[in-house]
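> For reference, the sequence and a predicted model appear below.
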Amino acid sequence: MSVAAEAHSSAFQGLPSAARVVWAKHDRKTEGWLPLWRHMADSAAVAGELWERWVPRSVRGLVAEALPGGEEDALRLARFLAGVHDVGKATPAFACQVESLAVGMRDAGLDMLTMKEYGTDRRLAPHGLAGQLLLQEWLEERFGLAGRVSGQFAVVVGGHHGVPPEHQHIHDLQLRPHLLRHPGTAEQRWREVQFSLMDACAQAAGVTDRFERWAGVRLA
């Protein structure tokens, strides 16, 4: 593991135990799986390397000039958004896809239905869109950012597979909160896990004290 990866991993050491059983990737042939927290830490570290070594200076400059901290802010933001890009996988709609891993999550208090029970509704919560809604909620609660300000950051997560969600897609998922968190006693546990993962990404990227300074930023 590189020094950068180790530094990013350390930010995830204080996660609640339930957050450690949330999965990001699964190999059906071997039944091997990658925890979401590990994927987040790796993504943040790799993004930092790519930003500094591969992304053209002209592109870095466009982002840097929009942020009060210039190039340093731009690097931190890139690391954060890369780290948090798959937070939408910490939802029942995604986690139910592999029943053997869903069992372990249920045992940790993260209740969810089976994929069959969710039916076609599950398609309304692709993990990119789910992540966009979760990130906007987190930005509003943690830093008081709402509307256009939070949206310009969160849409990067929503569109990380190439196409930003449309307003109707957002509206349809907002009407089905059970796809983001199982209702009842498990709802708070889901929220705790989701927020703790985003908190860790912010700590790893060094942006915890940045968002309030970015309240007036316009990235596009």
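Right, received. Where do you want to start? Numbers count the residues shown, from 1 in each chain.

> got the phi/psi numbers for the most centrally placed residue in the chain?
Computing the C-alpha centroid of the chain and ranking residues by C-alpha atoms, centre = their mean puts Val87 first, at 2.6 Å. Main-chain dihedrals, Val87, degrees, to the nearest 10: phi -60, psi -20.

> my read: it touches Asp199, true?
No - between Val87 and Asp199 there is no contact under C-beta atoms under 8 Å: 10.8 Å. C-beta coordinates here come from the backbone N, C-alpha and C atoms, glycine included.

> can you tell me how far the residue nearest to the centre of the chain sits from Ser43?
Distance, Val87 to Ser43, by C-beta to C-beta, to the nearest Å: 11 Å.

> Please enumerate the strands of this structure.
Using DSSP state E, the strands found in the chain span residues 23-26, 33-35.

> Partner strands of the first one and their direction?
What that stands for is strand 23-26. For strand 23-26, the paired strands and their directions (DSSP bridges) are strand 33-35 (antiparallel).

> Listing request: residues of the protein with sub-threshold pLDDT.
Within the chain, the segments meeting pLDDT under 70 span 1-8, 220.

> circling back: separation between the residue nearest to the centre of the chain and Glu31?
Distance, Val87 to Glu31, by C-beta to C-beta: 24 Å.

> go on, Pro164?
The gap separating Pro164 from Glu31 is 34 Å, by C-beta to C-beta.

> before we move on, what about Glu65?
48 Å.

> residues in contact with the spatially closest residue to Leu67 that is not a sequence neighbour?
Counting by C-beta to C-beta, 6 or more residues apart in numbering, Leu67 lies nearest to Asp73, which is 3.7 Å off, once chain neighbours are set aside. Taking C-beta atoms under 8 Å, 6 or more residues apart in numbering, we find Asp73 in contact with 64, 67, 210, 214.
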